[in-house]
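Colleague: Below are the sequence and a predicted model; questions follow.
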Amino acid sequence: MVEQILEERGNIYGDFNRQAKISQQLKQIVLEANPNITKHPPVAEGIEMILHKIARIANGKELYIENFRDIAGYAQLIADAIEHIEGAIDANVTYKTRGGEGWLSE
């Protein structure tokens, strides 16, 4: 049973040892760039999971849609977790439409 699952996962995600190396390299890059990520466990864990999924994409089948759904899910979990943390920043998006006279705000 376990062997069958590992074979199926390997067909989608590629060689585990290579994927693990890619994942650890990505995590190291992010932590070196911004050590503050570890201050907030939901941010740290969510980013680690997103990087794990990116490593799977890089190492395996890049068109496996579930990886991208998982990334979107982890991003939403992070956003929900930090929404009420003091110092959190959010964007205020304004949409514009291109008209004959230039850009028009809606």
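Modeller: Received the coordinates, thanks.

Colleague: quick one: strands adjacent to the least confident helix or strand in the chain by mean pLDDT?
Modeller: Sorting the helices and strands of the chain by mean pLDDT, DSSP states H and E puts strand 102-105 at the bottom, at a mean of 77. If you go by DSSP bridges, strand 102-105 pairs up with strand 96-99 (antiparallel).

Colleague: Provide a list of residue ranges in this protein with pLDDT below threshold.
Modeller: 106 (pLDDT under 70).

Colleague: switch to 50 and redo it
Modeller: Scanning the chain for pLDDT under 50 picks out no residues.

Colleague: which parts of the least confident helix or strand of the chain are buried?
Modeller: Buried residues in strand 102-105, counting neighbours by 16 or more other Cβ atoms under 10 Å, are absent. The C-beta positions use only the backbone N, C-alpha and C, and glycine is treated the same way.

Colleague: chain center to that strand: distance?
Modeller: Strand 102-105 sits 33 Å away from the centroid of its parent chain (Cα atoms, centre = their mean, to the nearest Å).

Colleague: residues in contact with it?
Modeller: 94-98 (Cβ atoms under 8 Å, 6 or more residues apart in numbering).

Colleague: Thank you, goodbye.
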